[in-house]
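Q: Here's a sequence, model it:
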Amino acid sequence: MAPTEKIKGHRILRLFEELRQNSTLLRIHLPHTDYSQATCVLDLRQRNKNTFFRIDYPAGFREAIADADGRSLDFEFIGKDNVKYYFSTRSEDIFDEITWIKLPRIVEREQRRKLYRLAAPSGTTLYIYFASKRYELKVIDISLGGSLGVLAGIPRTTQQDPILAHTGILENIEVIFPPKEENLQVSIKRSKVKRLGENPLTKQHEYALEFLEIDQTQMKILTDLIYRFQRRFLRNRLRINA
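A: Next comes the predicted model:
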């Protein structure tokens, strides 16, 4: 199992407020049974100095929990940082028609593993939309967490272009992998400029981006593509060394 970070105290309350506001889907599972369903946090409330969360109880939940006899309930979800969280609570902590559950004392968050960085296939392009313009980066490398690219189409004589001084948040980025006729495209909702500057050797403008928010479907596409190109690279290397 991946190493985890333990979230405690006031951080748990903030986390559950975020789950409620974002209508984040949670997977609820009753251990040692086949019961597993999706739900979400509808509300939070205080009762006897404790905080409880109310769930949108899914089909069959009442029947499954009726004979739980103190059994734990396991929850897991993917946070906005695309990392898995999970926690457990006890069935005796449920009250009021089986909709309110006591906040857990601990929520575990998987720590990010070191992300595999792929030398991007030739022709991989990243498009940035900024100040009503579209800018093109020739991607040097890419991972699930970010990308490094060279800014194309800006002559050195026009270095006053605002994109060359932007170090903040970028939204709605598109990455297109070759061949373009296969429509191998990934959309990134939000990213952050981690580093920019002119390469002293090539004199090209390089952008290092960190991906902050990616839709789960798009994350799966990006993951599949990275491993697809990695396998292709390994096959080619074995062929050369054979």
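
Q: What ranges does this structure have for its helices?
A: For the chain, applying DSSP state H gives helices covering 10-22, 61-66, 216-241.

Q: Need the ones you listed in JSON lines (columns: distance to D43, mean neighbour count and mean pLDDT).
A: Heads up, the C-betas are built off the backbone N, CA and C, glycines and all. Shown next, in JSON lines, are the helices of the chain (distance: least, Cβ to Cβ, whole Å; neighbours: other Cβ atoms under 10 Å; pLDDT from 0 to 100):
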{"stretch": "helix 10-22", "distance to D43": "7", "mean neighbour count": "14", "mean pLDDT": "91"}
{"stretch": "helix 61-66", "distance to D43": "17", "mean neighbour count": "15", "mean pLDDT": "73"}
{"stretch": "helix 216-241", "distance to D43": "24", "mean neighbour count": "13", "mean pLDDT": "76"}
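
Q: okay, now the nearest residue to N199 once chain neighbours are set aside: neighbour count?
A: Take N199 and drop its neighbours on the chain: the residue closest to it by Cβ to Cβ, 6 or more residues apart in numbering is E206, 5.3 Å away. Number of residues near E206 (other Cβ atoms under 10 Å) recorded here: 16.

Q: Help me confirm that E206 comes into contact with V150.
A: Yes: judged on Cβ atoms under 8 Å, E206 makes contact with V150 at a distance of 5.7 Å.

Q: Poorly predicted segments of this structure, please.
A: The chain contains residues with pLDDT under 70 at 1-3, 67-71, 91-99, 111-116, 154-160, 180-181, 233-242.

Q: Run a quick neighbour tally on F52.
A: With other Cβ under 10 Å as criterion, F52 counts 21.

Q: roughly how far apart are the residue lying closest to it once chain neighbours are set aside and L42?
A: Nearest non-adjacent residue to F52, counting by Cβ to Cβ, 6+ apart: W100, 4.3 Å away. Using Cβ to Cβ, to the nearest Å, we find W100 at a distance of 10 Å from L42.

Q: Tell me which of the two has more neighbours.
A: Neighbour count, other Cβ under 10 Å: between W100 and L42, W100 has more, with 18 against 14.

Q: what residues are up against that one?
A: Contact analysis of W100 by Cβ atoms under 8 Å, 6 or more residues apart in numbering lists R45, R47, F52, F53, R54, I94.

Q: for the fifth one, which residues make a bridge with it?
A: In this entry, R54 is beta-bridged to D43, W100, by DSSP bridges.

Q: In this structure it contacts L42, no?
A: Yes: look at R54 against L42 with Cβ under 8 Å: they come within range, at 4.8 Å.

Q: What are the contacting residues of the strand ranked longest in the chain?
A: With secondary structure taken from DSSP state E, the chain has its longest strand at strand 184-198. Residues from elsewhere that reach strand 184-198 (Cβ under 8 Å, 6+ apart): 146, 164, 166-178, 204-215, 218, 221-222, 225.

Q: Just the buried ones from the residues you listed?
A: 146, 164, 166, 170, 173, 175-177, 205-209, 211-214, 218, 221-222, 225 (16 or more other Cβ atoms under 10 Å).

Q: measure the residue nearest in space to the middle of the chain to E110 for me?
A: In the chain, the residue lying closest to the centroid (Cα atoms, centre = their mean) is N82, at 2.2 Å. Per Cβ to Cβ, N82 is found 10 Å from E110.

Q: same thing with Y129?
A: 32 Å.

Q: Neighbour count for the two, which is higher?
A: Using other Cβ under 10 Å, the more surrounded residue of Y129 and E110 is E110, with 17 against 13.

Q: list the contacts for R109?
A: So R109 contacts T4, E5, K6, I7, G79, V83, K84, Y85 (Cβ under 8 Å, 6+ apart).

Q: got it, and S23?
A: Contacts of S23 by Cβ under 8 Å, 6+ apart are C40.
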